[in-house]
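K.L.:
Can you look at this prediction? I've put the sequence above it.
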Amino acid sequence: MAIYNGTAGNDTLYVRDPAGRYGETATWNGGDGTDTLFFDPRAKNHGAVFSFTRGSGNSIKLDSVGGASTWHYTLNSVETVQIGGTVYHLDAMFPSAFDFTAPTATTFSPSDNAVSVLPNANIVITFSEAIKLGTGSIVIKEAISGTVVATYNVATSTNLSVSGTKLTINPTADLNISTEYSIVITTGNVKDIAGNSFTGTNTYSFTTSNVPVDYGSASADTYTGGIVDNAFEGLAGNDTASGGAGNDVLNGGTGNDILNGEADNDSLEGGAGNDTLDGGAGLDTMLGGTGNDVYVVDDAGDLISETAGTTGGVDTIQSNITYSLVDTDDTGTLGANVENLTLTGSNHINATGNTLKNRITGNDGNNSLDGGAGIDTLAGGLGNDTYTVDLRTALVGTVMTGMLQDSVTEALDAGTDTIVLRGSSTNTVASNITLGLNIENLDANATFTSKLNLTGNILNNTLTGNSANNVLNGGLGIDNMIGGAGNDVYIIDDANDIMQEGFNAGIDTAKIITTTIVGNAYVLANNVDNAVLAGTATFNLVGNSIDNKLTGNGAANTLDGGAGNDTLTGGAGNDTYVINSTLDVIVETALAGAGIDSVQANFSGYTLGANLEKLTLTGSATVGIGNALNNVITGNANSNQLSGMAGNDTLDGGVGNDAMTGGTGNDTYIIDSVNDYVIEAAGATGGVDTVLSSVFYNLTDTDGAGILGGNVENLTLTGASNVGGIGNALKNRITGNDGNNSLDGGVGIDTLAGGLGNDTLTGGADADVFMFNTALNASSNVDIITDFTHASDHIYLENAIFNKLTVTGVLKAANFYNAATGAVDANDYIGYNSTTGALYYDADGNGAGTAVQFATLSTHPTLTVADIVIV
């Protein structure tokens, strides 16, 4: 059989198929260091299935148990084996095989050289690691004479027992009172789990109590001590013993006993059964023994010693002081083997568990409850309690059913309570943790980079994330969410939810799902980078001083990034973007139904981006530019320069002396100052354009530069002021307002409509049209036509006003009459008096109704039906 040896360093030992064989039997000695046995791909495993088993001593057996090959290796000090792509960590699979350290005795209970020890009290020796019984005998001697009084064979004696790291010696009735004894443990008496023997000789001394022992009976006894030191052993039965004054020693024996030490420093031992041990005042030592025991603690100096494992039962400490079940000195005298801890009274005290499965219960005060390692149950009671809960840990590839190792129970309206998470998780996918009923706060700060999402309940919660990327969702209630480092997401389901985010602590996002916001505007908290409207309600978003990304929903949103270089995404709906920086970015979809979107810019020179229709200048901005869409561009109180570019644009400079350039398309200009001017492209490229003016306006290009509307076709007066309008050489349509207007078409074939008011209409050169389409009134709506030419100009009557004339086209002769002589027939609706130039509408012809004058042709021209058209 071959033997292969490694070195003192970290070795890689290669397995290659020697001489084409399909296996071999050999021993590999790794030596010192961390060593790996590596199966080279050239080794012909032929479908081998391997098994690992513990061999003799510290060896591990590696054998092929299936397939065509036969590998049989004995491995010594080889920590890792790699076969194919799989790595087997033998030091984790068989930890005892790599343990070469002998156990040592660390503590004794009662302590070395202790006095007042009951003659039959258990002696507990704690070692540095878990042990088992070995060979030889443990003896008890009288310390002064050296006389051996008891010999216990470790292989056969019932006076010896082992639990974990503890060796318990029960001398029963072998010892006398008031005598000093020594226990001698020698080499080989105990071993660790790996088989390493205790070496040397260890002597432990103690002195038995000088108080005679009062013994009970096999029945239920009641014992009450006096004012001196007392010693009682209950033997069998359910005994009740009270020590009274003095340093008392009480041993319940078998049965369910109740032991009360009362005053001074007492030593209580429950023995077998479910016992209750209450040391009372003083520094007391309590040993529960087997069974489900209860310890009552009222002093930090009280010591608890409990049997380990299932033999010791499920035990409980009731304490009115801060207490920890952790065995900090490894003596087993601080509740190390106790499962449950209950705080009593109403003081603000705390409780800490150990590695067992603890149930820790608070009192009526403010408690901090920490189960420690193990799967624990924490119940706070009244008061503002803090629970420390551990995350579950798992090896790679292990499937876990939940992230929390511990559970918490909290009553309704029992204070404001907090769960503090502890530990770390290596999960690559974030785990969701939801607050249970009646708990207000959840703090994951101590979980470092664990991927966790935190969810609250119906209460007003405070959720604290960690340094990973967290999703914080407070649920119902007004919640406070603290993100920490990492790129966090805050779920806002109430507009009053609070986000707390540190400066430069990741790229964080508020996800707004609430359905109610006062004022309909959500303002992003400091240091939170992004916000998304995730619901369907029509809300607005306002950013903060950093660079924000604001995203709307399908409704009509207003997005205002505030200071910083912001990115605004509107989505569907008629959205409004408020921008404050030249580096602000707007993202608007081109999909159908994406809405008519507006930009409000407070700086000059902004050009509308893709898919944006409207622009409004605010603040000190003076220049605004459109795009190829049909834009509406609105100025402010400054003197603005507005450019529509392509598309059918509407430009409104607002207050101030504004310059507006429409570009191509059919553009509309809104004029409110005689100093506003319009620049419009000539010819078909410039489209058919309109000026809407509340002041006098002349479309004539007086300077030949296309300024003042030289290339604009239409003019409409707005408001009710008595203002006028003049056309140019183009085919103009000039419309008056509700005042008394003077309209002059100038050169070209023009259409003039006076609107309401007593207007003066001058067609100018060429064949013009005079339109009447407003409600008739003989006193306030009679227009004067100054230059009507028969057979060239025409009068258009809107049959919605002249409603007896239902047939459109040239007026019928039967409907026209000489107004100088009056209507003859009932269908004589339009009358003209060539002497006065008055033009009338008579709704009932020769009926009783009075004809209403609506125009005066001041030159008294010839007028025939061919000059009048019904539209």
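P.N.:
Noted; the coordinates are in hand.

K.L.:
Quick one: neighbours of the residue nearest to residue 777 when sequence neighbours are not counted, just the number.
P.N.:
Computed as C-beta to C-beta, 6 or more residues apart in numbering, the closest residue to residue 777 that is not its neighbour in sequence is residue 852, at 7.6 Å. In short, each C-beta sits where N, CA and C put it, glycine included. Other residues within reach of residue 852, judged by other C-beta atoms under 10 Å, total 15.

K.L.:
my guess is residue 852 meets residue 839, correct?
P.N.:
No - with contacts defined as C-beta atoms under 8 Å, residue 852 does not count as touching residue 839, sitting 10.2 Å away.

K.L.:
how much space is there between residue 444 and residue 84?
P.N.:
Residue 444 sits 39 Å away from residue 84, going by C-beta to C-beta, to the nearest Å.

K.L.:
pLDDT weak spots in the chain?
P.N.:
Within the chain, the set of residues satisfying pLDDT under 70 comprises 17-22, 40-47, 67-68, 173, 328-335, 393-402, 591-593, 702-709.

K.L.:
ok, which stretches of it are helices?
P.N.:
Under the criterion DSSP state H, helices of the chain are mapped to 90-93.

K.L.:
How is it partitioned into domains?
P.N.:
2-98, 100-210, 218-338, 352-506, 510-595, 804-870 (automatic domain parsing).

K.L.:
winner for burial among the ones you listed?
P.N.:
domain 218-338 (a mean of 22; mean count of other C-beta atoms under 10 Å).

K.L.:
what's the span of that one from first residue to last?
P.N.:
Distance between the boundary residues of domain 218-338 (C-alpha to C-alpha, to the nearest Å) amounts to 28 Å.

K.L.:
returning to what we had before: quick one: the domains of the chain as a markdown table, columns for distance to residue 760 too.
P.N.:
As requested, the domains of the chain are arranged in a markdown table below (distance: least, C-beta to C-beta, whole Å):
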| stretch | distance to residue 760 |
| --- | --- |
| domain 2-98 | 99 |
| domain 100-210 | 115 |
| domain 218-338 | 100 |
| domain 352-506 | 59 |
| domain 510-595 | 42 |
| domain 804-870 | 9 |
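
K.L.:
residues contacting residue 357?
P.N.:
When the contact criterion is C-beta atoms under 8 Å, 6 or more residues apart in numbering, the partners of residue 357 are 339, 374-376.

K.L.:
Can you name the two of those that sit furthest apart?
P.N.:
Taking C-beta to C-beta as the measure, these span a maximum distance of 11.1 Å, between 339 and 375.

K.L.:
residue contacts, residue 738?
P.N.:
The contact partners of residue 738, taken as C-beta under 8 Å, 6+ apart, are 719-720, 755-757.

K.L.:
With distance to residue 406 and neighbour count as new columns, can these be given to me in TSV?
P.N.:
As requested, the contacts of residue 738 are arranged in TSV below (distance: C-beta to C-beta, whole Å; neighbours: other C-beta atoms under 10 Å):
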residue	distance to residue 406	neighbour count
719	76	13
720	79	14
755	82	23
756	82	18
757	85	21
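
K.L.:
any idea which of those residues is closest to residue 16?
P.N.:
Distances from residue 16 to the contacts of residue 738, taken by C-beta to C-beta, are shortest for residue 719, at 101.1 Å.

K.L.:
That closest one and residue 693 touch, don't they?
P.N.:
No - the pair residue 719 and residue 693 fails to qualify as a contact (C-beta under 8 Å) at a distance of 9.0 Å.

K.L.:
For the residue nearest to residue 608 when sequence neighbours are not counted, give me its contacts.
P.N.:
Nearest residue to residue 608 in three dimensions, chain neighbours excluded: residue 627, at 4.4 Å (C-beta to C-beta, 6+ apart). In this structure, residue 627 makes contact with 607-610, 612, 645-647, judged by C-beta under 8 Å, 6+ apart.

K.L.:
now swap in residue 407 and tell me
P.N.:
Each residue near residue 407 by C-beta under 8 Å, 6+ apart is listed here: 376-378.

K.L.:
Turn the residues you listed into a markdown table, columns for distance to residue 5.
P.N.:
Supplementary listing: those in a markdown table, determined by distance: C-beta to C-beta, whole Å:
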| residue | distance to residue 5 |
| --- | --- |
| 376 | 48 |
| 377 | 53 |
| 378 | 54 |
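
K.L.:
C-alpha coordinates for stretch 359-367, PDB please?
P.N.:
The C-alpha atoms that make up stretch 359-367 are tabulated as PDB, following Å, rounded to 0.1, in the frame of the first residue of the first chain:
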ATOM      1  CA  ARG A 359     -38.200  32.100  26.100                       C
ATOM      2  CA  ILE A 360     -37.600  35.600  27.600                       C
ATOM      3  CA  THR A 361     -40.500  37.600  29.100                       C
ATOM      4  CA  GLY A 362     -40.300  41.200  30.200                       C
ATOM      5  CA  ASN A 363     -42.100  42.900  33.100                       C
ATOM      6  CA  ASP A 364     -44.200  46.100  33.300                       C
ATOM      7  CA  GLY A 365     -41.100  48.400  32.800                       C
ATOM      8  CA  ASN A 366     -39.100  49.300  29.800                       C
ATOM      9  CA  ASN A 367     -37.000  46.200  29.000                       C
END
